[in-house]
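Student: Only the shape, not the letters, is given here:
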């Protein structure tokens, strides 16, 4: 039985959590957004010594909270593992899962989650110690590999080794932190996860240069925040909040010039997005400045990327596929019209 299907059968079909309720109303009544995040992945979602969370995925939580509650700080961050994340979403423990999770067929159809919009195009890779002397994933034949259980990563690993007539021994872990610990302890020769996760993990090592991320990318991993199936309005709110962040970068709307452009921009899409023309917020059950607050929370998509995982950070990720479509990448938002 495939790991993802096992999870789907374990939690069963979508419950009435969202269908019988209104997530927007529940969040407003509670006064806080419960946002499912990683247990700790530097650059994406991690708490500091004082328990303050930051990162690329955290910025999505803040943007949605700003849009819905008027305050980006009104977020309760719920750490979830690869195994617990979808159970937390399905049960209603979290309103939104913003946790580097891949949009797949089984998760969309069998598990009945709605993936709102791709916010990071990724792919699975491998990291090894430089001293191992391995320069290609093809050299990992008969090696031990740490992999998070019950994830698409585990399935991709098995598929790729089978397709290439290679063998390996899996060392299963429950979280990125456990994977890092096992890898550093020498329990496995290589660690596999999304390439962005490998970069974040390596950046946290005392000696990052002693570890190599191999060149092969063995899968497509479109990462997207997810919500429960059955509450279309809530899905629309999250989806269009992400689109607002992407559109803002495309139109040159930043956290610095947001107020100015809300008054002076001649771009009709910008006027609609920022609420200075038509009231698009009313169609979502929000006020007219919902997107303006979302952008103000942490900046536009480009600002969020650069501040948390970009080339000037320890993570050092280039935009690559995540550059805007106007700059040769795949990042694209539906128009505000």
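Tutor: Yep, that arrived. Nothing here was measured: the structure is a model prediction, and the numbers come from that model.

Student: just how off-centre is the longest helix seen in the chain within its chain?
Tutor: The residue-count maximum for a helix in the chain (DSSP state H) belongs to helix 232-250. Mean-position distance between helix 232-250 and its chain equals 14 Å (C-alpha atoms, centre = their mean, to the nearest Å).

Student: Same question for stretch 70-86.
Tutor: Distance, stretch centre to chain centre, for stretch 70-86: 12 Å (C-alpha atoms, centre = their mean).

Student: And for that stretch, what's in contact with it?
Tutor: 7, 11, 31-40, 45, 47, 53, 58, 61-63, 65-66, 88, 93-94, 97, 99, 101, 107, 111, 113, 148-151, 153, 174-175, 293, 297-298 (C-beta atoms under 8 Å, 6 or more residues apart in numbering). For the C-beta atoms, the positions are set from N, CA and C on the backbone; glycine is no exception.

Student: Buried residues, that stretch. List them.
Tutor: By 16 or more other C-beta atoms under 10 Å, the buried positions in stretch 70-86 come out as 72, 74-75, 77-86.

Student: Now, those that are in helices?
Tutor: 85-86.

Student: And the buried residues of stretch 70-86, which two are furthest apart?
Tutor: Greatest spatial distance among the buried residues of stretch 70-86 (C-beta to C-beta): 72 and 83, at 29.0 Å.

Student: so what does the strand or helix carrying residue 159 touch, helix or strand wise?
Tutor: Per DSSP states H and E, residue 159 falls inside helix 152-163. Judged by 3 or more C-beta pairs under 8 Å, 6 or more residues apart in numbering; DSSP states H and E, the packing partners of helix 152-163 are helix 3-11, strand 124-129, strand 143-148, strand 168-173, strand 190-194.

Student: 6 Å instead, please
Tutor: For helix 152-163, the packing partners by 3 or more C-beta pairs under 6 Å, 6 or more residues apart in numbering; DSSP states H and E come out as strand 143-148.

Student: tell me the angle of the strand it packs on relative to helix 152-163?
Tutor: 150 degrees (axes from the mean of the first three to the mean of the last three C-alpha atoms, to 10 degrees).

Student: so what strands line up beside strand 143-148?
Tutor: Sheet pairing for strand 143-148, assigned by DSSP bridges, gives strand 168-173 (parallel), strand 190-194 (parallel).

Student: Residue 286 versus residue 182, what's the distance?
Tutor: Distance of residue 182 to residue 286, computed by C-beta to C-beta, to the nearest Å: 44 Å.

Student: By mean pLDDT, flag the weakest helix or strand of this protein.
Tutor: Lowest mean confidence among the helices and strands of the chain (mean pLDDT, DSSP states H and E): helix 3-11, at a mean of 41.

Student: pLDDT weak spots in the stretch 201-337 of the chain?
Tutor: Applying pLDDT under 70 to the stretch 201-337 of the chain flags no residue at all.

Student: That one: helices as residue ranges?
Tutor: Along the stretch 201-337 of the chain, counting by DSSP state H, counting those that start in this stretch, helices occupy 232-250, 258-264, 268-274, 290-298, 301-308.

Student: wait, which of the ones you listed is closest to residue 168?
Tutor: helix 301-308 (32.2 Å).

Student: Run a quick neighbour tally on the nearest residue to residue 334 once chain neighbours are set aside.
Tutor: Spatial nearest neighbour of residue 334, excluding adjacent residues (C-beta to C-beta, 6 or more residues apart in numbering): residue 243 at 5.6 Å. Other residues near residue 243 come to 21 when the count uses other C-beta atoms under 10 Å.

Student: can you count the residues close to the closest residue to residue 169 other than its chain neighbours?
Tutor: In space, and not counting its chain neighbours, residue 169 is closest to residue 144: 4.6 Å by C-beta to C-beta, 6+ apart. By other C-beta under 10 Å, 16 other residues sit near residue 144.

Student: Surely residue 144 and residue 187 touch.
Tutor: No: look at residue 144 against residue 187 with C-beta atoms under 6 Å: they stay out of range, at 7.3 Å.

Student: and the gap between the residue positioned nearest the centre of the chain and residue 179?
Tutor: With distances taken as C-alpha atoms, centre = their mean, residue 100 lies nearest the centre of the chain, 3.2 Å away. Between residue 100 and residue 179 the computed distance is 13 Å (C-beta to C-beta).
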